[in-house]
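Participant: Return a 3D structure for these sequence lines:
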Amino acid sequence: MKKKVALLMITTLLAAAIAGCGGSGSDSKGSSEDSAKTESEEKVEEQAPGEETVVGETEDAFKVEETVETGGYQKNESLSADEEVTLTVFGPGVFNVGEEGVTDLNSGIYRPGYNEIIERWNEFYPNVTLEIETASWDSWQSAITTACLSGEVDIIMHGATMTDLTYDLSSYLDQDPEYYDRIYATASRRTSEHPDEFKVSGISVSVSPCVAWLDTKIFEDYGVELPDESWTYEDVLSLAEQMTGTDPVTGEQTYGVQLFSMGGSNLWFNYTQAANALGAKVFKYGPTVSECEVDFMVPESIAAFQLIADLSKFVSPGNKEGVAVTTTLNGENDWAILFNDGVMNSYFQMQVAELDGRYVALSMPQCSAGEYKGIPTPFAGDNNMAIYKDSDNKDWAWEFIKFMTTDEKATQWVVSNMEVPNNKAGKAMVQELVGENLATAIDNTLNTLPEYYNNATNDVFNNVSFGSVTNTMITAVDNVINETMTPEEAAQSMQDYVDEYMSTLN
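Facilitator: Numbering: from 1, shown residues only. As a prediction, the model looks like this:
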(Lines give C-alpha, C1' and ligand atoms only; values in the text may rest on other atoms or scores of the structure.)
Protein backbone atom coordinates (compact mmCIF):
# COMPACT_ATOMS: atom_id res chain seq x y z
CA MET A 1 0.00 0.00 0.00
CA LYS A 2 2.90 2.25 0.83
CA LYS A 3 4.34 1.74 -2.64
CA LYS A 4 0.97 2.46 -4.30
CA VAL A 5 0.67 5.79 -2.50
CA ALA A 6 4.19 6.71 -3.52
CA LEU A 7 3.57 5.93 -7.16
CA LEU A 8 0.59 8.23 -7.21
CA MET A 9 2.94 11.11 -6.48
CA ILE A 10 4.79 10.69 -9.76
CA THR A 11 4.51 13.71 -12.02
CA THR A 12 4.26 13.93 -15.74
CA LEU A 13 7.87 15.01 -15.91
CA LEU A 14 8.97 11.41 -15.43
CA ALA A 15 9.35 11.43 -19.21
CA ALA A 16 12.76 12.98 -18.68
CA ALA A 17 13.80 10.03 -16.57
CA ILE A 18 12.88 7.38 -19.11
CA ALA A 19 13.36 8.98 -22.51
CA GLY A 20 16.09 7.22 -24.42
CA CYS A 21 16.27 8.71 -27.88
CA GLY A 22 14.31 11.91 -28.03
CA GLY A 23 12.03 14.30 -26.25
CA SER A 24 8.90 13.58 -24.25
CA GLY A 25 5.68 12.03 -25.37
CA SER A 26 5.69 10.39 -28.77
CA ASP A 27 9.17 11.74 -29.42
CA SER A 28 10.65 9.86 -26.50
CA LYS A 29 12.96 6.92 -26.70
CA GLY A 30 12.23 5.14 -29.89
CA SER A 31 13.55 7.40 -32.57
CA SER A 32 15.79 4.98 -34.38
CA GLU A 33 18.68 7.26 -35.19
CA ASP A 34 18.61 8.98 -31.87
CA SER A 35 17.84 12.62 -31.38
CA ALA A 36 19.07 14.52 -28.32
CA LYS A 37 17.70 14.16 -24.82
CA THR A 38 15.62 16.87 -23.28
CA GLU A 39 17.37 19.12 -20.82
CA SER A 40 14.94 18.10 -18.09
CA GLU A 41 16.54 14.65 -17.95
CA GLU A 42 19.47 16.22 -16.20
CA LYS A 43 17.27 17.91 -13.58
CA VAL A 44 18.05 15.53 -10.76
CA GLU A 45 19.91 15.86 -7.50
CA GLU A 46 21.88 13.42 -5.44
CA GLN A 47 20.11 12.07 -2.40
CA ALA A 48 22.13 12.18 0.79
CA PRO A 49 22.57 8.86 2.60
CA GLY A 50 19.57 8.15 4.75
CA GLU A 51 17.63 11.10 3.39
CA GLU A 52 13.99 10.46 2.59
CA THR A 53 12.51 11.25 -0.79
CA VAL A 54 10.44 14.35 -1.42
CA VAL A 55 7.25 12.36 -1.04
CA GLY A 56 8.31 10.97 2.31
CA GLU A 57 9.10 7.43 1.18
CA THR A 58 12.40 5.61 1.31
CA GLU A 59 14.18 4.64 -1.86
CA ASP A 60 12.94 1.06 -1.51
CA ALA A 61 9.40 2.26 -2.07
CA PHE A 62 10.19 2.67 -5.74
CA LYS A 63 11.71 -0.74 -6.26
CA VAL A 64 9.97 -3.94 -7.23
CA GLU A 65 9.19 -5.54 -3.89
CA GLU A 66 10.21 -9.08 -4.82
CA THR A 67 13.14 -10.23 -6.91
CA VAL A 68 11.44 -12.14 -9.70
CA GLU A 69 13.24 -15.17 -11.09
CA THR A 70 14.36 -14.37 -14.63
CA GLY A 71 16.17 -17.51 -15.59
CA GLY A 72 19.23 -16.50 -13.63
CA TYR A 73 22.53 -15.18 -14.87
CA GLN A 74 25.23 -17.81 -14.51
CA LYS A 75 28.85 -16.92 -13.81
CA ASN A 76 31.11 -17.65 -16.75
CA GLU A 77 33.69 -20.01 -15.30
CA SER A 78 35.71 -20.01 -18.51
CA LEU A 79 36.83 -16.43 -17.88
CA SER A 80 39.92 -16.17 -15.74
CA ALA A 81 39.25 -15.17 -12.16
CA ASP A 82 42.93 -14.44 -11.64
CA GLU A 83 43.50 -11.66 -14.15
CA GLU A 84 42.89 -8.12 -13.00
CA VAL A 85 40.72 -6.30 -15.53
CA THR A 86 39.38 -2.76 -15.78
CA LEU A 87 36.26 -2.56 -17.93
CA THR A 88 35.43 0.96 -19.06
CA VAL A 89 31.85 1.93 -19.93
CA PHE A 90 31.21 5.27 -21.63
CA GLY A 91 28.21 7.09 -23.08
CA PRO A 92 24.64 8.18 -22.39
CA GLY A 93 21.82 5.87 -21.35
CA VAL A 94 20.49 4.14 -18.28
CA PHE A 95 23.62 4.88 -16.24
CA ASN A 96 22.98 8.62 -16.48
CA VAL A 97 21.08 8.16 -13.24
CA GLY A 98 24.47 8.45 -11.49
CA GLU A 99 26.49 6.35 -9.09
CA GLU A 100 24.57 6.97 -5.87
CA GLY A 101 21.10 7.33 -7.33
CA VAL A 102 19.10 10.50 -7.68
CA THR A 103 15.87 12.09 -6.68
CA ASP A 104 14.19 13.75 -9.63
CA LEU A 105 13.64 17.40 -8.70
CA ASN A 106 10.27 17.50 -10.43
CA SER A 107 8.72 14.22 -9.34
CA GLY A 108 10.44 13.32 -6.08
CA ILE A 109 11.11 9.84 -7.41
CA TYR A 110 14.24 8.07 -6.24
CA ARG A 111 16.07 6.14 -8.96
CA PRO A 112 18.73 3.71 -7.73
CA GLY A 113 22.26 4.47 -8.83
CA TYR A 114 24.63 2.31 -10.81
CA ASN A 115 26.69 1.54 -7.70
CA GLU A 116 24.17 -1.26 -7.20
CA ILE A 117 25.11 -2.67 -10.60
CA ILE A 118 28.82 -2.47 -9.77
CA GLU A 119 28.29 -4.25 -6.44
CA ARG A 120 26.20 -6.98 -8.03
CA TRP A 121 28.71 -7.49 -10.87
CA ASN A 122 31.55 -7.83 -8.38
CA GLU A 123 29.69 -10.59 -6.58
CA PHE A 124 30.43 -12.64 -9.69
CA TYR A 125 33.71 -11.08 -10.80
CA PRO A 126 35.61 -9.30 -8.00
CA ASN A 127 38.66 -9.21 -10.26
CA VAL A 128 36.95 -6.97 -12.84
CA THR A 129 36.73 -3.28 -11.99
CA LEU A 130 33.88 -1.43 -13.68
CA GLU A 131 34.58 2.20 -14.52
CA ILE A 132 31.41 3.90 -15.68
CA GLU A 133 31.57 7.37 -17.21
CA THR A 134 28.31 8.84 -18.39
CA ALA A 135 27.84 11.39 -21.15
CA SER A 136 25.22 14.05 -21.71
CA TRP A 137 22.78 13.58 -24.56
CA ASP A 138 24.01 16.91 -25.88
CA SER A 139 26.46 16.06 -28.69
CA TRP A 140 26.66 12.50 -27.41
CA GLN A 141 27.88 11.01 -30.69
CA SER A 142 30.85 13.39 -30.81
CA ALA A 143 31.63 12.60 -27.19
CA ILE A 144 31.61 8.87 -27.90
CA THR A 145 33.86 9.26 -30.93
CA THR A 146 36.38 11.31 -28.94
CA ALA A 147 36.37 8.85 -26.03
CA CYS A 148 36.81 5.83 -28.30
CA LEU A 149 39.67 7.39 -30.21
CA SER A 150 41.42 7.97 -26.91
CA GLY A 151 41.57 4.20 -26.57
CA GLU A 152 40.00 4.10 -23.12
CA VAL A 153 36.58 2.58 -23.94
CA ASP A 154 35.40 -1.04 -23.86
CA ILE A 155 31.61 -0.68 -23.81
CA ILE A 156 29.80 2.14 -25.60
CA MET A 157 26.49 3.07 -24.03
CA HIS A 158 23.92 3.70 -26.74
CA GLY A 159 26.55 3.25 -29.41
CA ALA A 160 24.82 0.73 -31.68
CA THR A 161 23.97 3.38 -34.25
CA MET A 162 27.66 4.20 -34.63
CA THR A 163 28.42 1.05 -36.56
CA ASP A 164 31.87 2.17 -37.69
CA LEU A 165 33.01 2.11 -34.04
CA THR A 166 31.37 -1.12 -32.92
CA TYR A 167 32.32 -4.79 -32.94
CA ASP A 168 29.88 -7.18 -34.65
CA LEU A 169 28.35 -9.33 -31.90
CA SER A 170 27.07 -12.06 -34.23
CA SER A 171 29.87 -14.46 -33.27
CA TYR A 172 28.99 -14.18 -29.58
CA LEU A 173 25.32 -14.80 -30.31
CA ASP A 174 26.17 -17.82 -32.47
CA GLN A 175 28.11 -19.31 -29.56
CA ASP A 176 25.24 -18.76 -27.12
CA PRO A 177 21.86 -19.33 -28.84
CA GLU A 178 20.08 -19.73 -25.50
CA TYR A 179 20.95 -16.14 -24.63
CA TYR A 180 19.34 -14.88 -27.83
CA ASP A 181 16.11 -16.66 -26.87
CA ARG A 182 15.98 -14.87 -23.52
CA ILE A 183 15.97 -11.31 -24.86
CA TYR A 184 13.46 -9.41 -26.97
CA ALA A 185 15.78 -7.62 -29.36
CA THR A 186 19.28 -7.03 -30.59
CA ALA A 187 20.38 -3.54 -31.59
CA SER A 188 21.07 -4.44 -35.23
CA ARG A 189 21.67 -2.19 -38.23
CA ARG A 190 22.16 -2.38 -41.93
CA THR A 191 25.29 -0.42 -42.66
CA SER A 192 26.31 1.72 -45.61
CA GLU A 193 29.34 -0.53 -46.07
CA HIS A 194 27.24 -3.72 -46.33
CA PRO A 195 23.58 -2.76 -46.70
CA ASP A 196 22.50 -6.29 -47.64
CA GLU A 197 23.61 -7.66 -44.26
CA PHE A 198 22.70 -6.93 -40.67
CA LYS A 199 25.40 -6.01 -38.21
CA VAL A 200 24.54 -6.84 -34.61
CA SER A 201 26.17 -3.66 -33.42
CA GLY A 202 24.81 -3.78 -29.88
CA ILE A 203 22.37 -5.32 -27.45
CA SER A 204 19.41 -3.40 -26.05
CA VAL A 205 19.45 -3.07 -22.26
CA SER A 206 16.01 -1.49 -22.20
CA VAL A 207 13.40 -1.27 -24.93
CA SER A 208 10.60 1.14 -25.75
CA PRO A 209 7.82 -0.23 -27.94
CA CYS A 210 4.95 1.73 -29.39
CA VAL A 211 1.46 1.19 -28.05
CA ALA A 212 -1.92 2.74 -28.70
CA TRP A 213 -3.64 4.42 -25.76
CA LEU A 214 -7.44 4.41 -25.89
CA ASP A 215 -9.48 6.93 -23.91
CA THR A 216 -12.30 4.74 -22.59
CA LYS A 217 -14.39 7.75 -21.58
CA ILE A 218 -14.56 9.09 -25.13
CA PHE A 219 -15.31 5.58 -26.41
CA GLU A 220 -18.11 5.29 -23.83
CA ASP A 221 -19.49 8.76 -24.57
CA TYR A 222 -19.89 7.83 -28.24
CA GLY A 223 -21.13 4.32 -27.46
CA VAL A 224 -18.25 2.76 -29.37
CA GLU A 225 -16.93 -0.66 -28.37
CA LEU A 226 -13.25 -0.97 -27.54
CA PRO A 227 -11.22 -2.99 -30.05
CA ASP A 228 -9.08 -6.00 -29.14
CA GLU A 229 -5.53 -7.01 -30.05
CA SER A 230 -6.62 -8.24 -33.48
CA TRP A 231 -7.46 -4.74 -34.70
CA THR A 232 -6.04 -3.37 -37.96
CA TYR A 233 -5.63 0.11 -39.45
CA GLU A 234 -8.96 -0.38 -41.19
CA ASP A 235 -10.48 -0.64 -37.72
CA VAL A 236 -8.58 2.47 -36.62
CA LEU A 237 -10.06 4.44 -39.51
CA SER A 238 -13.57 3.29 -38.65
CA LEU A 239 -13.18 4.05 -34.94
CA ALA A 240 -11.56 7.43 -35.60
CA GLU A 241 -14.38 8.48 -37.90
CA GLN A 242 -17.01 7.52 -35.32
CA MET A 243 -15.38 9.61 -32.58
CA THR A 244 -14.54 12.75 -34.53
CA GLY A 245 -17.22 15.32 -33.81
CA THR A 246 -19.10 16.73 -30.83
CA ASP A 247 -18.90 14.49 -27.79
CA PRO A 248 -22.53 13.49 -27.02
CA VAL A 249 -21.91 13.76 -23.26
CA THR A 250 -19.57 16.73 -22.81
CA GLY A 251 -20.46 18.74 -25.90
CA GLU A 252 -16.74 19.21 -26.57
CA GLN A 253 -15.06 18.71 -29.94
CA THR A 254 -13.16 15.43 -30.11
CA TYR A 255 -10.95 13.80 -32.71
CA GLY A 256 -10.57 10.13 -33.40
CA VAL A 257 -6.81 9.78 -33.47
CA GLN A 258 -3.49 11.48 -32.88
CA LEU A 259 -0.54 10.32 -34.96
CA PHE A 260 3.13 10.10 -34.04
CA SER A 261 5.28 13.14 -33.38
CA MET A 262 2.85 15.75 -34.67
CA GLY A 263 5.05 18.75 -35.34
CA GLY A 264 8.14 16.83 -34.20
CA SER A 265 11.28 15.42 -35.75
CA ASN A 266 9.95 11.86 -35.76
CA LEU A 267 7.01 12.56 -38.03
CA TRP A 268 8.45 10.00 -40.44
CA PHE A 269 7.43 7.24 -38.00
CA ASN A 270 3.94 7.55 -39.49
CA TYR A 271 5.19 6.41 -42.88
CA THR A 272 7.18 3.45 -41.56
CA GLN A 273 4.21 2.28 -39.52
CA ALA A 274 1.81 2.56 -42.45
CA ALA A 275 4.30 1.02 -44.89
CA ASN A 276 5.01 -1.93 -42.58
CA ALA A 277 1.28 -2.46 -42.08
CA LEU A 278 0.65 -2.60 -45.82
CA GLY A 279 3.78 -4.51 -46.81
CA ALA A 280 5.38 -1.70 -48.81
CA LYS A 281 8.77 -3.22 -49.59
CA VAL A 282 10.57 -0.22 -51.05
CA PHE A 283 14.22 -1.17 -50.54
CA LYS A 284 15.94 -4.14 -52.16
CA TYR A 285 19.42 -4.18 -50.70
CA GLY A 286 22.59 -4.91 -52.61
CA PRO A 287 26.16 -5.37 -51.38
CA THR A 288 26.82 -1.63 -51.76
CA VAL A 289 24.56 1.39 -51.56
CA SER A 290 24.94 2.04 -55.29
CA GLU A 291 23.67 -1.48 -55.97
CA CYS A 292 20.53 -1.05 -53.86
CA GLU A 293 17.18 -0.70 -55.62
CA VAL A 294 14.74 1.82 -54.20
CA ASP A 295 11.18 2.21 -55.49
CA PHE A 296 8.83 4.48 -53.56
CA MET A 297 6.36 4.28 -56.45
CA VAL A 298 5.26 0.71 -55.70
CA PRO A 299 1.48 0.63 -55.09
CA GLU A 300 1.93 -0.32 -51.43
CA SER A 301 4.08 2.74 -50.77
CA ILE A 302 1.51 5.07 -52.31
CA ALA A 303 -1.14 3.25 -50.27
CA ALA A 304 0.89 3.94 -47.11
CA PHE A 305 0.83 7.67 -47.85
CA GLN A 306 -2.89 7.32 -48.57
CA LEU A 307 -3.42 5.69 -45.17
CA ILE A 308 -1.70 8.67 -43.54
CA ALA A 309 -3.95 11.01 -45.51
CA ASP A 310 -7.05 9.07 -44.47
CA LEU A 311 -6.07 9.03 -40.80
CA SER A 312 -5.26 12.73 -40.84
CA LYS A 313 -8.92 13.51 -41.59
CA PHE A 314 -9.58 12.62 -37.96
CA VAL A 315 -6.67 14.54 -36.42
CA SER A 316 -7.25 17.97 -34.87
CA PRO A 317 -6.34 21.01 -37.01
CA GLY A 318 -3.89 22.21 -34.37
CA ASN A 319 -2.09 18.87 -34.33
CA LYS A 320 -1.72 18.97 -38.09
CA GLU A 321 0.05 22.28 -37.75
CA GLY A 322 2.22 20.94 -34.95
CA VAL A 323 0.62 22.99 -32.19
CA ALA A 324 -1.69 22.04 -29.31
CA VAL A 325 -0.21 18.54 -29.36
CA THR A 326 -1.41 16.79 -26.22
CA THR A 327 0.03 13.40 -25.38
CA THR A 328 -0.38 13.59 -21.61
CA LEU A 329 -2.82 11.11 -20.06
CA ASN A 330 -4.40 13.61 -17.67
CA GLY A 331 -8.01 13.75 -18.87
CA GLU A 332 -7.55 16.95 -20.88
CA ASN A 333 -6.98 15.35 -24.27
CA ASP A 334 -9.36 15.67 -27.22
CA TRP A 335 -8.27 12.43 -28.95
CA ALA A 336 -9.78 8.97 -28.59
CA ILE A 337 -6.72 7.02 -29.82
CA LEU A 338 -3.08 8.02 -29.30
CA PHE A 339 -0.11 6.32 -30.97
CA ASN A 340 2.73 6.70 -28.50
CA ASP A 341 6.16 5.22 -27.76
CA GLY A 342 6.64 6.72 -24.28
CA VAL A 343 4.88 3.85 -22.59
CA MET A 344 6.22 4.08 -19.02
CA ASN A 345 5.95 7.86 -19.06
CA SER A 346 2.34 7.67 -20.15
CA TYR A 347 1.44 5.19 -17.43
CA PHE A 348 2.76 7.40 -14.65
CA GLN A 349 1.04 10.44 -16.14
CA MET A 350 -2.21 8.54 -15.73
CA GLN A 351 -1.31 7.60 -12.16
CA VAL A 352 -0.48 11.12 -11.03
CA ALA A 353 -3.76 12.36 -12.52
CA GLU A 354 -5.52 9.57 -10.59
CA LEU A 355 -7.09 8.32 -13.80
CA ASP A 356 -5.96 4.70 -13.56
CA GLY A 357 -8.35 2.74 -15.78
CA ARG A 358 -9.53 5.61 -17.95
CA TYR A 359 -6.85 4.86 -20.53
CA VAL A 360 -6.15 1.35 -21.72
CA ALA A 361 -3.20 0.23 -23.80
CA LEU A 362 -3.23 -1.99 -26.87
CA SER A 363 -0.32 -3.15 -28.95
CA MET A 364 -0.22 -1.36 -32.28
CA PRO A 365 -2.73 -2.40 -34.98
CA GLN A 366 -1.87 -5.57 -36.83
CA CYS A 367 -0.28 -5.51 -40.25
CA SER A 368 -2.74 -6.52 -42.96
CA ALA A 369 -0.33 -7.45 -45.76
CA GLY A 370 3.28 -8.35 -46.46
CA GLU A 371 5.67 -10.49 -44.45
CA TYR A 372 4.49 -8.97 -41.16
CA LYS A 373 0.82 -9.73 -41.74
CA GLY A 374 -0.96 -10.68 -38.53
CA ILE A 375 1.52 -9.16 -36.04
CA PRO A 376 1.42 -5.72 -34.38
CA THR A 377 3.14 -3.07 -36.46
CA PRO A 378 6.77 -3.46 -35.34
CA PHE A 379 8.55 -0.68 -33.51
CA ALA A 380 11.02 -0.55 -30.63
CA GLY A 381 13.42 2.11 -29.51
CA ASP A 382 16.07 1.26 -26.95
CA ASN A 383 18.98 2.07 -24.71
CA ASN A 384 21.75 -0.25 -25.83
CA MET A 385 25.32 -1.32 -25.18
CA ALA A 386 27.93 -1.88 -27.88
CA ILE A 387 31.50 -3.15 -27.73
CA TYR A 388 34.17 -0.83 -29.08
CA LYS A 389 35.85 -2.55 -32.01
CA ASP A 390 39.37 -1.90 -30.67
CA SER A 391 38.68 -2.94 -27.08
CA ASP A 392 41.23 -5.35 -25.57
CA ASN A 393 38.53 -6.75 -23.28
CA LYS A 394 35.86 -7.90 -25.72
CA ASP A 395 35.06 -11.15 -23.91
CA TRP A 396 34.61 -9.37 -20.61
CA ALA A 397 32.56 -6.65 -22.30
CA TRP A 398 30.26 -9.26 -23.80
CA GLU A 399 29.91 -10.91 -20.40
CA PHE A 400 28.85 -7.61 -18.85
CA ILE A 401 26.22 -7.10 -21.56
CA LYS A 402 24.85 -10.59 -20.86
CA PHE A 403 24.84 -9.81 -17.15
CA MET A 404 22.94 -6.53 -17.65
CA THR A 405 20.25 -8.24 -19.73
CA THR A 406 19.72 -11.51 -17.84
CA ASP A 407 20.69 -11.15 -14.18
CA GLU A 408 17.66 -10.86 -11.88
CA LYS A 409 18.99 -7.94 -9.86
CA ALA A 410 20.24 -6.08 -12.93
CA THR A 411 16.81 -6.54 -14.51
CA GLN A 412 15.19 -5.29 -11.32
CA TRP A 413 17.50 -2.26 -11.37
CA VAL A 414 16.44 -1.42 -14.94
CA VAL A 415 12.75 -1.62 -13.98
CA SER A 416 13.36 0.47 -10.85
CA ASN A 417 14.69 3.17 -13.18
CA MET A 418 11.32 3.11 -14.97
CA GLU A 419 12.56 1.27 -18.06
CA VAL A 420 11.31 -1.85 -19.85
CA PRO A 421 14.11 -4.45 -19.59
CA ASN A 422 15.25 -6.36 -22.66
CA ASN A 423 14.59 -9.60 -20.85
CA LYS A 424 11.52 -11.68 -21.67
CA ALA A 425 11.35 -13.09 -18.17
CA GLY A 426 11.33 -9.55 -16.77
CA LYS A 427 7.68 -9.13 -17.74
CA ALA A 428 6.63 -10.02 -14.19
CA MET A 429 8.61 -7.08 -12.80
CA VAL A 430 7.12 -4.70 -15.35
CA GLN A 431 3.63 -5.99 -14.62
CA GLU A 432 4.12 -5.46 -10.89
CA LEU A 433 4.96 -1.84 -11.60
CA VAL A 434 2.46 -0.88 -14.32
CA GLY A 435 -0.25 -3.54 -14.18
CA GLU A 436 -1.36 -6.32 -16.48
CA ASN A 437 -2.91 -4.17 -19.22
CA LEU A 438 0.20 -2.20 -20.19
CA ALA A 439 2.57 -5.09 -19.47
CA THR A 440 0.60 -7.29 -21.88
CA ALA A 441 0.58 -4.64 -24.61
CA ILE A 442 4.34 -4.23 -24.22
CA ASP A 443 4.95 -7.97 -24.26
CA ASN A 444 2.72 -8.54 -27.30
CA THR A 445 4.67 -5.95 -29.27
CA LEU A 446 8.14 -7.05 -28.22
CA ASN A 447 7.50 -10.79 -28.54
CA THR A 448 6.47 -10.35 -32.16
CA LEU A 449 9.38 -8.15 -33.28
CA PRO A 450 10.90 -9.68 -36.42
CA GLU A 451 14.45 -10.93 -36.06
CA TYR A 452 17.00 -8.10 -36.40
CA TYR A 453 14.19 -5.56 -36.86
CA ASN A 454 15.37 -1.99 -36.65
CA ASN A 455 13.30 1.18 -36.98
CA ALA A 456 15.85 2.93 -39.16
CA THR A 457 17.18 0.36 -41.60
CA ASN A 458 14.46 -1.93 -42.88
CA ASP A 459 12.66 -2.83 -46.09
CA VAL A 460 10.26 0.13 -46.02
CA PHE A 461 12.67 2.90 -45.08
CA ASN A 462 16.36 3.55 -44.50
CA ASN A 463 17.45 6.77 -42.86
CA VAL A 464 21.12 5.79 -42.54
CA SER A 465 22.55 5.14 -45.99
CA PHE A 466 20.81 7.63 -48.27
CA GLY A 467 21.88 11.11 -47.27
CA SER A 468 19.20 13.40 -45.87
CA VAL A 469 16.33 11.16 -46.90
CA THR A 470 14.77 11.54 -43.45
CA ASN A 471 14.22 15.27 -43.94
CA THR A 472 12.61 14.57 -47.30
CA MET A 473 10.30 12.01 -45.69
CA ILE A 474 9.32 14.38 -42.87
CA THR A 475 8.39 16.99 -45.48
CA ALA A 476 6.42 14.46 -47.52
CA VAL A 477 4.45 13.20 -44.50
CA ASP A 478 3.74 16.74 -43.32
CA ASN A 479 2.48 17.71 -46.77
CA VAL A 480 0.21 14.67 -46.93
CA ILE A 481 -1.20 15.36 -43.48
CA ASN A 482 -1.89 18.98 -44.39
CA GLU A 483 -3.23 18.08 -47.86
CA THR A 484 -0.60 20.07 -49.76
CA MET A 485 0.60 16.89 -51.50
CA THR A 486 -1.32 13.91 -52.78
CA PRO A 487 -0.04 10.46 -51.79
CA GLU A 488 1.26 10.01 -55.34
CA GLU A 489 3.12 13.33 -55.20
CA ALA A 490 4.61 12.43 -51.82
CA ALA A 491 5.86 9.08 -53.12
CA GLN A 492 7.26 10.79 -56.21
CA SER A 493 9.09 13.37 -54.07
CA MET A 494 10.75 10.52 -52.19
CA GLN A 495 11.69 8.76 -55.40
CA ASP A 496 13.10 11.93 -56.92
CA TYR A 497 15.29 12.53 -53.88
CA VAL A 498 16.64 8.97 -53.79
CA ASP A 499 17.29 8.96 -57.54
CA GLU A 500 19.24 12.19 -57.24
CA TYR A 501 21.21 10.86 -54.30
CA MET A 502 22.00 7.59 -56.04
CA SER A 503 23.23 9.48 -59.10
CA THR A 504 25.96 11.04 -56.98
CA LEU A 505 27.35 7.60 -56.17
CA ASN A 506 28.11 6.64 -59.75
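
Participant: can you pull the contacts of the residue in the chain sticking out farthest from the centre?
Facilitator: When distances are taken from the C-alpha mean of the chain, residue 82 lies farthest, 39.0 Å away, according to CA atoms, centre = their mean. Residues counted as contacts of residue 82 (CB atoms under 8 Å, 6 or more residues apart in numbering) are residue 127. (Each C-beta comes from the backbone N, C-alpha and C, glycine too.)

Participant: how about it, secondary structure?
Facilitator: Under DSSP: H, G, I helix; E, B strand; the rest coil, the three-state class of residue 82 is coil.

Participant: My guess is residue 215 contacts residue 334. True?
Facilitator: No - at 9.3 Å, residue 215 does not count as touching residue 334 under the criterion of CB atoms under 8 Å.

Participant: Between the two, which has more neighbouring residues?
Facilitator: Per other CB atoms under 10 Å, whichever of residue 215 and residue 334 has more neighbours is residue 215, with 22 against 18.

Participant: so the more buried one bridges to which residues?
Facilitator: Beta-bridge partners of residue 215, counted by DSSP bridges, are residue 359.

Participant: need the contact list for it.
Facilitator: 333, 335-338, 358-359.

Participant: name the helices or strands packed onto the helix or strand harbouring residue 121?
Facilitator: Counting by DSSP states H and E, the element that carries residue 121 is helix 115-124. Contacts defined by 3 or more CB pairs under 8 Å, 6 or more residues apart in numbering; DSSP states H and E place helix 115-124 against strand 128-134, helix 394-406, helix 408-416.

Participant: so where's the chain shaky on pLDDT?
Facilitator: Along the chain, the model assigns pLDDT under 70 to residues 1-71, 104-109.

Participant: Could you find the residue nearest the spatial middle of it?
Facilitator: Closest to where the C-alpha atoms of the chain average out (CA atoms, centre = their mean) is residue 381, at 2.4 Å.

Participant: for the helix ranked longest in the chain, packing partners?
Facilitator: Across the chain, the longest stretch assigned as helix under DSSP state H is helix 487-503. Judged by 3+ CB pairs under 8 Å, 6+ apart, helix 487-503 is in contact with strand 293-294, helix 299-312, helix 469-481.

Participant: Burial check on residue 331, number of neighbours?
Facilitator: For residue 331, the count of nearby residues is 13 (other CB under 10 Å).

Participant: Let me know the secondary structure of it.
Facilitator: Note that with three-state DSSP, the state of residue 331 is coil.

Participant: which residues touch it?
Facilitator: Contact analysis of residue 331 by CB under 8 Å, 6+ apart lists 217, 353, 355, 358.

Participant: ok, so of the residues you listed, who is nearest residue 309?
Facilitator: Nearest to residue 309 among the contacts of residue 331 is residue 217, at 28.2 Å by CB to CB.

Participant: And stretch 253-270, what's buried?
Facilitator: 254-262, 264-270 (16 or more other CB atoms under 10 Å).

Participant: centre of the chain versus that stretch, how much separation?
Facilitator: 17 Å (CA atoms, centre = their mean, to the nearest Å).

Participant: Can you give me the end-to-end span of that stretch?
Facilitator: Start and end residues of stretch 253-270 are separated by 24 Å (CA to CA, to the nearest Å).

Participant: Could you do stretch 260-278 as well?
Facilitator: Using CA to CA, the end-to-end distance of stretch 260-278 comes to 17 Å.

Participant: Could you tell me how far it lies from the centre of the chain?
Facilitator: With CA atoms, centre = their mean, you get 14 Å for stretch 260-278.

Participant: Please apply the same query to stretch 183-201.
Facilitator: 17 Å.

Participant: Counting residues, name the longest strand you see in the chain.
Facilitator: Secondary structure assigned by DSSP state E gives strand 198-209 as the longest strand of the chain.

Participant: partners of it, with directions?
Facilitator: strand 186-190 (antiparallel), strand 380-387 (antiparallel), strand 420-421 (antiparallel).

Participant: thought residue 221 was touching residue 248?
Facilitator: Yes - contact criterion CB under 8 Å: residue 221 and residue 248 qualify, at 5.7 Å.

Participant: Comparing these two, which residue is more hemmed in?
Facilitator: Taking neighbours as other CB under 10 Å, residue 221 and residue 248 compare with residue 221 leading, 17 against 10.

Participant: before we move on, the earlier item: now do the helix holding residue 121 and helix 408-416, the angle between them.
Facilitator: Inter-element angle recorded for helix 115-124 and helix 408-416: 170 degrees (by axes from the mean of the first three to the mean of the last three CA atoms, to 10 degrees).
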